[in-house]
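Asks: Provided below for reference: sequence and predicted model.
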Amino acid sequence: MSQRRTSGDSGRATIRDVAARADVSVASVSRVLSGNYPVSEELRRRVMKVVRDLDYVTNAHARSLAGGGGTPTVAILINQITGAAFPHVAKGVEGAASLRGWLSLVGTTGDDPERELALVNLMRQQGVAAVILLGGAYDFDEYQLRMGRFARSLDAAGSHLVLVGRPPLEGNVPATTVDYDNEGGAYAMAGHLLSAGHRRILVLPGHAELTTAQGRLRGARRAFEAYGMPFDPGLVLHGTYAYEHGYDAVEGSLRRKLNFTAVLAGTDVVAAGAMQALRTAGLRVPEDVSVVGYDDIPLASQLTPQLTTVHVPYEEMGRVALRAVADRREAGAGRRKGGDGDHLVLGTHIVVRQSVQPPAQRA
């Protein structure tokens with residue numbers, strides 16, 4: 001196990017600690033870290049091993065941002081900058097940060113858990129005031145463990161991890177969670193379809209290992225249980241939150257002659273793809289098949305017919321996330337280091353439009 005040697009305050013390793021442990025000069029460490037000077041591969045490996053062992057935050061100026069000097073900077077990590085829903089969270093974060101005179105950085109993960117973890121580590125090294133992660137998490141034990149370690153490392157460096165739209169990390173992890181009632185929204189929407197008379201509902205919740213999809217599927221199952229109706233797992237099709245998945249899932253289900261009278265889509269974009277597949281097959285929405293979505297992005301009211309969906313307060317989640325960071329700094333981050341973070345949950349509700357009606361009577 002590595003031992004951190006500190007000569008600076010707050011228990012943080014300094015560049016002199018790195019130089020001493022690596023048995024090289026401070027100038028040599030600086031050259032390796034800056035990347036602007038040629039150094040031997042052996043020297044680079046030796047220095048970077050010590051940097052990792054000591055959990056050294058490399059950018060002293062950036063470290064001052066997290067510690068209170070200079071302009072606070074928040075890093076917003078998002079799956080895709082062109083995505084349909086979570087850019088609205090980023091907008092809320094950026095707007096609230098701008099009002100306080102803070103800077104915002106945006107990074108994209110490309111739906112890659114390894115890239116997400118690498119970006120969290122990079123932002124930790126850059127000393128941002130907070131790293132705000134947007135969107136569902138991956139339900140892998142190793143991923144959860146590594147993210148927990150990063151949360152503790154950010155906390156030790158005077159920064160903070162904020163999780164938006166995903167469950168809190170397990171254990172005693174210093175991270176704030178700003179979530180929404182994901183499962184409750186799916187429960188209400190499935191109940192809406194069931195109350196309209198639908199029993200055979202094609203469910204497109206998202207990737208099976210994504211916590212967002214897991215919550216939406218649990219909500220749908222719970223609604224069937226509450227109504228005393230059997231739930232058919234054969235009508236659950238996992239996939240991405242993309243238009244193409246909605247189209248392909250419905251087109252394939254029709255081709256296989258699956259019996260369903262409604263589609264519960266994991267996002268409004270997936271619902272749009274499902275509606276197009278139904279139209280291509282000569283079926284009408286909602287006269288032949290009802291379709292509902294999740295998110296309530298602007299697209300939902302622009303479709304024909306307008307989409308019944310679950311409203312998620314994405315921009316407000318972003319504002320709440322930034323306020324949580326600001327409140328923590330104003331209260332004095334040092335007094336709140338370690339321990340569990342806050343878990344804030346915002347409500348969801350159904351927006352009823354024109355895409356649902358009772359199932360058609362078929363011969």
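Replies: That came through, no problem.
Asks: And the pLDDT at Gln3?
Replies: pLDDT, Gln3: 44.
Asks: give me the number of residues near Tyr247?
Replies: For Tyr247, the number of neighbouring residues by other Cβ atoms under 10 Å comes to 19. Placement of C-beta: from N, CA and C, glycine included.
Asks: Contacts only, for it.
Replies: For Tyr247, the contact set (Cβ atoms under 8 Å, 6 or more residues apart in numbering) comprises 273-274, 276-277.
Asks: In the protein, mark out all the strands, start to finish.
Replies: Taking DSSP state E as the test, the strands found in the chain are 73-78, 103-108, 130-134, 161-164, 175-180, 201-204, 262-265, 290-292, 309-311, 343-346, 349-351.
Asks: Determine which stretch of the ones you listed is the most buried.
Replies: Counting by mean count of other Cβ atoms under 10 Å, strand 262-265 has the highest mean neighbour count of these, with a mean of 30.
Asks: for that one, packing partners?
Replies: Judged by 3 or more Cβ pairs under 8 Å, 6 or more residues apart in numbering; DSSP states H and E, strand 262-265 is in contact with helix 182-195, strand 201-204, helix 243-255, helix 268-280, strand 290-292.
Asks: Indicate which one of those is closest to Tyr56.
Replies: With distances scored as Cβ to Cβ, the stretch of the helices and strands packed on strand 262-265 nearest to Tyr56 is helix 182-195 (37.7 Å).
Asks: Now the closest one: buried residues?
Replies: The neighbour-count check on helix 182-195 (16 or more other Cβ atoms under 10 Å) flags 182-194 as buried.
Asks: Which of those residues sits closest to His245?
Replies: Among these, and counting by Cβ to Cβ, the member closest to His245 is Ala186, at 17.1 Å.
Asks: list the contacts for the closest one?
Replies: 205, 215-220, 223, 264, 294, 310 are the contacts of Ala186 under Cβ under 8 Å, 6+ apart.
Asks: How about Ala96?
Replies: With contacts defined as Cβ under 8 Å, 6+ apart, Ala96 is in contact with 318-319, 322-323, 326.
Asks: re the thing from before, now list the buried members of the contacts of Tyr247.
Replies: 273-274, 276-277.
Asks: Surely Asp232 is in contact with Arg200?
Replies: Yes. At 7.2 Å, Asp232 and Arg200 qualify as touching, with contact defined as Cβ atoms under 8 Å.
Asks: neighbour-wise, which of the two wins?
Replies: Using other Cβ under 10 Å, the more surrounded residue of Asp232 and Arg200 is Asp232, with 16 against 12.
Asks: State the distance from the more buried one to Ala151.
Replies: To Ala151, Asp232 is 39 Å away according to Cβ to Cβ, to the nearest Å.
Asks: In JSON lines, list the strands of the chain along with distance to Arg124.
Replies: Below are those laid out as JSON lines (distance: least, Cβ to Cβ, whole Å):
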{"stretch": "strand 73-78", "distance to Arg124": "9"}
{"stretch": "strand 103-108", "distance to Arg124": "13"}
{"stretch": "strand 130-134", "distance to Arg124": "7"}
{"stretch": "strand 161-164", "distance to Arg124": "9"}
{"stretch": "strand 175-180", "distance to Arg124": "13"}
{"stretch": "strand 201-204", "distance to Arg124": "36"}
{"stretch": "strand 262-265", "distance to Arg124": "36"}
{"stretch": "strand 290-292", "distance to Arg124": "40"}
{"stretch": "strand 309-311", "distance to Arg124": "34"}
{"stretch": "strand 343-346", "distance to Arg124": "22"}
{"stretch": "strand 349-351", "distance to Arg124": "37"}
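Asks: May I see the domains of this structure written out as residue ranges?
Replies: According to automatic domain parsing, the chain comprises the domains 9-51, 66-180+314-346, 182-312.
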